[in-house]
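*Asks:* sharing a sequence plus its predicted fold:
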Amino acid sequence: MRNGRVTRLARLVFAALVLGATILTSASIAGATTPPPAGKDLVDIPVGPAPYAVAVDPITQMAYVAINASPGGQVDVISEVTNAMVATISVGNTPQGIALDPNTHLVYVSNVNGSSVSVIDGSASPPALKATIPVSANPYGVAVDPASGLVYVTHYRNGDPDSTHTYTTVSVISEASNAVTAVTVGNSPIAAAVDTVHHTVYVANQGDGTVSVIDGKTNAVISTIGSAPSSLDDLGIGTGSQPNSVAWNPNNGSMYVSLNYAGEVVVISEATNTVTSHIRLAATGPSGSRPTGVAVDALTNLVYVSDCQCSVTPYPVGKGEVIDAGTNTLLASTLQLAGPFSCSGGGPTPSSLAVDSGLNVVYIASLCGAGGYVSAFQGYLGIAPPNKDSCKDGDYQYFIDPRTGLAFTNQGECVSYVVHNISHQ
């Protein structure tokens, strides 16, 4: 064990004891011999057309990618260890959202034009379709509470031209029986995230720019955040903010909600169900920031945001943004898609992302013309090294200097920061 990673590895070992996962570093992936710099695009894996969502099982070390093809649809399965495609699973019509239960290794896929949810058995070798659950029209976002064995599926308007149709429902599916119940929330719910400790579910309603809070023990809506006259965003655009993704951070008891049109991420305190921070993303590129997904690495207390910057054509190359959840500030560090890519119409344009904390790898799914990619990035170890040993053997490059928001560039710079800013070193 390298001294510079004692703290990080100790946390990973603890996670492994709880989850039963094998501990690997990203240097183990695809034959790498030395760890690459943090933020580096390790590999770009070609997948099917229109990869709209990605989920990672940290125990089986498989990544599942919902390929939004119509008619028909598929889920591409990637081995995190080899970065090779190990299965392509036919599911329902136009798969859109995906989430999994790391305890049962069941993967739930919403089929937006199929009015169904496909269930994949991730413990099978290779993973295979297990069941198809009928639900109401336009299932979209998916979230799982492993502790309660419940799956939450939002139903989003998704371009329905009939204005008389309303979408205000979250379907709640029992993993044990596949039985479905319905909860009424705000207008056009698009995404959800679960606090697995308190069993509360936060649902982003894109149609009215609010977030509904569901008590998972009773299926009752206990709060609505962003209701008039207040707004989720700080730009005064109300429902035009378009909340489109939610992620839970157990470290600070907060939900992070990306607002696509506002170009920001808002932080919601679970204690008060109020917005406590507005984090503006970097308005670089011709279109400015357009967040498409948000994911939390609870071990490093970093929040990663996929940013497509895709309001103009040709699309610029998208990227990942990094937020320090300790201070809720945007860092200068980014995850830049490297390619080479050849995408008609520009891009690639990130659609979603997922984090595997055990491997310290961030996966970004991106659209690229008629195809798509999943890019694996080396993650960061956190803000500031805990001690001088953490700067050794090249490990300085995995820590972010709080003064600059960028990774340390050499060991001396890292050690100097510890000496002057970390006590008893």
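*Replies:* Here it is on my side, so go on. Numbering: from 1, shown residues only.

*Asks:* now S375: which helix or strand?
*Replies:* Element membership of S375 [criterion: DSSP states H and E] is strand 371-378.

*Asks:* over to the nearest residue to G238 once chain neighbours are set aside. Which of the three states is it?
*Replies:* Spatial nearest neighbour of G238, chain neighbours left out: S231 (4.9 Å); criterion: C-beta to C-beta, 6 or more residues apart in numbering. All C-beta atoms are positioned from the backbone trio N, CA, C, and that covers glycine. Following DSSP: H, G, I helix; E, B strand; the rest coil, we place S231 in the coil state.

*Asks:* how far away is S231 from A376?
*Replies:* Noted for S231: a distance of 36 Å to A376, by C-beta to C-beta, to the nearest Å.

*Asks:* between the two, which is the more surrounded one?
*Replies:* Each of S231 and A376 has its neighbours counted (other C-beta atoms under 10 Å); A376 has more, 24 against 21.

*Asks:* what's the more buried one in contact with, if anything?
*Replies:* Counting by C-beta atoms under 8 Å, 6 or more residues apart in numbering, A376 touches 26, 29, 41-43, 45, 80, 83, 361-363.

*Asks:* before we move on, back to that, let me see the mean pLDDT of whatever helix or strand comes next after the strand holding S375.
*Replies:* Downstream of strand 371-378, the first helix or strand assigned by DSSP H and E is strand 382-383. Here strand 382-383 scores 94 as its mean pLDDT.

*Asks:* how distant is strand 382-383 from the center of its chain?
*Replies:* 19 Å (C-alpha atoms, centre = their mean, to the nearest Å).

*Asks:* note down every partner strand of it and its orientation.
*Replies:* strand 399-401 (parallel) (DSSP bridges).

*Asks:* got the contact list for the next helix or strand along the chain from the partner strand?
*Replies:* Proceeding N to C from strand 399-401, the next assigned helix or strand is strand 406-407, under DSSP H and E. Residues from elsewhere that reach strand 406-407 (C-beta under 8 Å, 6+ apart): 37-39, 331-333, 380, 396-401.

*Asks:* quick one: mean pLDDT for strand 406-407?
*Replies:* 94.

*Asks:* circling back: and the strand holding S375, how far out from the chain middle?
*Replies:* In terms of C-alpha atoms, centre = their mean, the centre of strand 371-378 is set 13 Å apart from its chain centre.

*Asks:* parallel or antiparallel, list what pairs with that strand.
*Replies:* strand 41-47 (antiparallel), strand 361-368 (antiparallel).

*Asks:* buried residues in the first one?
*Replies:* Spelled out, that is strand 41-47. Across strand 41-47, burial judged by 16 or more other C-beta atoms under 10 Å covers 41-45, 47.

*Asks:* out of those residues, flag the one nearest to G346.
*Replies:* Nearest to G346 among those is D44, at 16.1 Å by C-beta to C-beta.

*Asks:* about what we covered before: put the alpha carbons of the strand holding S375 into CSV.
*Replies:* In CSV, the C-alpha atoms belonging to strand 371-378 read as follows (Å, rounded to 0.1, in the frame of the first residue of the first chain):
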residue,chain,number,x,y,z
GLY,A,371,-23.4,6.9,-32.7
GLY,A,372,-22.3,7.3,-29.1
TYR,A,373,-19.5,6.9,-26.6
VAL,A,374,-19.0,6.2,-23.0
SER,A,375,-15.8,8.0,-21.8
ALA,A,376,-14.0,6.8,-18.6
PHE,A,377,-12.2,9.6,-16.7
GLN,A,378,-9.7,9.3,-13.8
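
*Asks:* give me the mean pLDDT for that strand.
*Replies:* Throughout strand 371-378, pLDDT has a mean value of 93.

*Asks:* repeat that for stretch 125-132.
*Replies:* pLDDT averaged over stretch 125-132 gives 96.

*Asks:* pick the one among the contacts of strand 406-407 closest to V197.
*Replies:* Relative to V197, the closest of those is Y380; by C-beta to C-beta it sits at 25.0 Å.

*Asks:* between the contacts of A376, which sits nearest P58?
*Replies:* For the contacts of A376, the minimum distance to P58 (C-beta to C-beta) is 8.8 Å, reached by E80.

*Asks:* one step back: list just the nearest of the contacts of A376 to S227.
*Replies:* Nearest to S227 among the contacts of A376 is V362, at 33.4 Å by C-beta to C-beta.

*Asks:* quick one: that closest one from M255, how far?
*Replies:* V362 sits 19 Å away from M255, going by C-beta to C-beta.

*Asks:* so how far is V54 from the spatially most central residue of the chain?
*Replies:* The centre of the chain sits closest to A295, judged by C-alpha atoms, centre = their mean, with a distance of 3.3 Å. The gap separating A295 from V54 is 9 Å, by C-beta to C-beta.

*Asks:* any residues in contact with both of the two?
*Replies:* Residues within reach of A295 and of V54 at once, by C-beta under 8 Å, 6+ apart, are 353-354.

*Asks:* still on that earlier bit, quick check: PyMOL command selecting the buried ones in the contacts of strand 406-407.
*Replies:* In PyMOL syntax, the buried subset of the contacts of strand 406-407 is picked out as below (16+ other C-beta under 10 Å):
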select buried, resi 38+39+331+333+380+396+397+398+399+400+401
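
*Asks:* switch the contacts of strand 406-407 over to a markdown table; also include distance to V142.
*Replies:* Formatted as a markdown table, the contacts of strand 406-407 follow (distance: C-beta to C-beta, whole Å):
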| residue | distance to V142 |
| --- | --- |
| P37 | 33 |
| A38 | 29 |
| G39 | 28 |
| L331 | 29 |
| A332 | 33 |
| S333 | 29 |
| Y380 | 27 |
| Y396 | 39 |
| Q397 | 35 |
| Y398 | 31 |
| F399 | 34 |
| I400 | 31 |
| D401 | 37 |
